[in-house]
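In: Sequence first, then the predicted structure:
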Amino acid sequence: FSDFLVNRAENYQPPRLERKALVHGHCHHKAIMHLDAEQALMQKMGLDYEILDSGCCGMSGSFGFEKEKYDVSIGAGERVLLPKVRGAAEDTLIITNGFSCREQIAETTNRQALHIAEVLHMAMDTSRGALRDGPPERDIVQRRARAHRRANQRAATVAGLVAVGGLALWGLKQRDRR
């Protein structure tokens, strides 16, 4: 995403967001693409960022959810990443593009990490005057929760309609058998 915006989208100027940020690079992303495009994008945005020398978050897909590997997962996260996140000021952005990394942070700290796309969205909101006290991710996390609730409600409605339809068909078949 960042590579596209920085290297392919001619004349793209991201919205400004002058905040502090802790940045954890997803280990696969760092190994394959590095964080050059993310750094260029964050500089253009005006972020005062620190890229953590944190290695792997420890979650690594399902690895951190497996009972026999949990201690290793936590140990990797506690090496640098998780203490830095816990020690960050409340108004500091926590940025990582890795799903596993965001999950590890959410499960082991009182913070929610953001993807760089969400940070850009936040910058657009801020440029329209939306800026609140508290953790900067709060509004995005609340939007995520509302979206999950709506998706669950739609899924429950569809499942209910399928069940009613199935019962109606079963009832018709039963009636025809008589």
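Out: Ah, there it is.
In: if you count residues, which helix in this protein comes out on top?
Out: helix 138-177 (DSSP state H).
In: Could you check that helix and say which residues are buried?
Out: Of the residues in helix 138-177, those with enough neighbours to count as buried (16 or more other CB atoms under 10 Å) are Asp139, Ile140. Quick note: C-beta positions are derived from backbone N, CA and C, even for glycine.
In: who touches the worst-scoring helix or strand of the chain on mean pLDDT?
Out: Sorted by mean pLDDT, DSSP states H and E, the helices and strands of the chain end with helix 27-32, the least confident at a mean of 77. The set of residues that contact helix 27-32 without belonging to it, under CB atoms under 8 Å, 6 or more residues apart in numbering, is Leu35, Gly55, Cys56, Cys57, Ser60, Asn97, Gly98.
In: do the same with stretch 107-118
Out: When contacts are defined by CB under 8 Å, 6+ apart, stretch 107-118 is touched by residues 1-2, 24, 38, 41-42, 74, 77, 82, 85-86, 88, 93-97, 101-102, 105-106, 122, 135-137, 140-141.
In: same thing but at 6 Å, please
Out: With CB atoms under 6 Å, 6 or more residues apart in numbering as the contact definition, stretch 107-118 has outside contacts at 1-2, 82, 85-86, 94-97, 102, 105-106, 137, 140-141.
In: Could you work out the most separated pair of those?
Out: With distances taken as CB to CB, the most widely separated pair in the contacts of stretch 107-118 is Phe1 and Arg86, at 27.2 Å.
In: pLDDT below threshold where in this structure?
Out: Counting by pLDDT under 70, the chain shows low-confidence ranges at 127-133.
In: just so I have it, where are all the helices in it?
Out: 2-7, 27-32, 36-45, 70-79, 81-87, 99-108, 116-127, 138-177.
In: Pro14 is nearest to which of these?
Out: When the helices of the chain are ranked by proximity to Pro14 (CB to CB), helix 36-45 comes first, at 4.9 Å.
In: Dihedrals phi and psi, Thr96?
Out: Dihedral angles of Thr96 (phi, psi; degrees, to the nearest 10) stand at phi -160, psi 140.
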